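Enquirer: 3D, please:
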Amino acid sequence: MSFMNYSIGGNLNLAKKNEENTFTKENIFTENITAPQLMSEGSHLKLGSSTTNDCNFYLNNQETLQLTRNGTECRATVSGGTGDFRFMGKVFGNSDLDIAGNEVKLSALPTSAQSTGVLWNNSGAINIGSGASGGGGVCLETINSYCNGDSFTTAYGDSMTIPAVTAVQDITSQLPTYTDITGSSISYRPPSSATLVIFTFQTQISGRASGAFDNQDCQFKMFYGGTEIPLGRMVVCNNNNAFGYIDFSVPIQIDSSLGSDDIANGKVKSWSSLVTLKWSACIITVGVTFPINTKFGFSEGGSLDTFSKPKVKIEAFS
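Expert: I've put the predicted structure just below:
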């Protein structure tokens, strides 16, 4: 049975394979073709449309999968847009994953994250969880940078610039006068869902100033919008054995149940505007200095008391 551009008004039933059911390379026009298999021999199997941009696959006589050509993009729609895809094995990709939705979810997350099943959300949050025994929440934002003058756009949408530090800073101001530590002052506003912010300034100190041991004590304070958080106070002794990396770090809780800010205990009722965070320092003994942003020396190059660039890190958690 051969056809050349033949039109059939009703259905074409190809129930059996026999010598009479053979076709030329020309077209067959019919409303429906019923066949147990459609196979291609010796070339690609082509299913599609020459005049429209989509192809529908029906299973159980219901629209199941629609492939739509949109320029060079192929779009897949399940059940007319009301269904979901489920891959029953691994999925591999050779390029980027671009998601227009709000979240990426996994069924196998750390225990503390399983209540939501969310790994990433549209705020850039990574749900790291904390295991069965801990609290902790979602890391909403982490900015960790050397003091190079770099600028960032925060999760809230603000532009934040990390100060540039290019030289050793000698702390010479004496108690009770404090000097701001260069590089440690930033203006920040956390994501609206944050309940904890950790502000850290990291620098190196050396037991020497201008090549001599000074045996000096230095006091450090942390300020939130011009108000000190006393829990952050630190004293560092600068003697001939004191050198290395120091982390000045303070957690700030955001608790809307508070009647008002409790800065003394590192708590604020809300944080909806930009706030300046900074560290300040002063010496205790007159006539000496306390150098920061400096390292004692390095065996593979560099003289004693050379400049060491500090770092700023800020983290926000839900």
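Enquirer: can you report how many residues lie near I284?
Expert: Using other C-beta atoms under 10 Å, I284 has 13 other residues around it. To be clear about C-beta, it is placed using only N, CA and C from the backbone, and glycine gets the same treatment.
Enquirer: if you could redo that for C147, that was the one I meant.
Expert: C147 has 22 neighbouring residues, counting by other C-beta under 10 Å.
Enquirer: show the model's pLDDT score for it.
Expert: According to the prediction, C147 has pLDDT 95.
Enquirer: run through who's touching stretch 148-164.
Expert: The contact list for stretch 148-164 (C-beta atoms under 8 Å, 6 or more residues apart in numbering) reads 123-124, 140-141, 143, 145-147, 182-192, 274, 309, 312, 316.
Enquirer: list phi and psi for S79.
Expert: phi 50, psi 50 (degrees, to the nearest 10).
Enquirer: ok, it to I99 distance?
Expert: Distance of S79 to I99, computed by C-beta to C-beta, to the nearest Å: 21 Å.
Enquirer: go on, G266?
Expert: Going from G266 to I99 by C-beta to C-beta gives 37 Å.
Enquirer: one more: W279?
Expert: 39 Å.
Enquirer: who has more neighbours, these two?
Expert: Using other C-beta under 10 Å as the criterion, W279 and I99 rank with W279 on top: 25 against 10.
Enquirer: which residue ranges form the strands in the stretch 201-318 of the chain?
Expert: Counting by DSSP state E, counting those that start in this stretch, one finds strands in the stretch 201-318 of the chain at the ranges 208-209, 212-213, 216-224, 227-228, 234-238, 244-254, 267-268, 275-283, 290-292, 294-295, 306-307, 311-317.
Enquirer: so where is the chain shaky, pLDDT-wise?
Expert: Along the chain, the model assigns pLDDT under 70 to residues 1-31, 102-137, 207-215, 238-244, 296-305.
Enquirer: show me what N56 is bridged to.
Expert: On the basis of DSSP bridges, N56 is bridged to Q66.
Enquirer: equivalent analysis for F290, please.
Expert: Taking DSSP bridges as the rule, F290 bridges to I171.
Enquirer: E41: which element?
Expert: For E41, there is no host helix or strand (DSSP states H and E).
Enquirer: got the phi and psi for it?
Expert: According to degrees, to the nearest 10, E41 has phi -120, psi 110.
Enquirer: in stretch 170-182, which residues are buried?
Expert: For stretch 170-182, burial by neighbour count (16 or more other C-beta atoms under 10 Å) applies to 170-172, 178, 181-182.
Enquirer: skipping adjacent residues, who's closest to D217 in space?
Expert: Spatially, and ignoring its direct neighbours in sequence, D217 is nearest to I284 (4.7 Å; C-beta to C-beta, 6 or more residues apart in numbering).
Enquirer: distance of the one you found relative to L175?
Expert: Going from I284 to L175 by C-beta to C-beta gives 6 Å.
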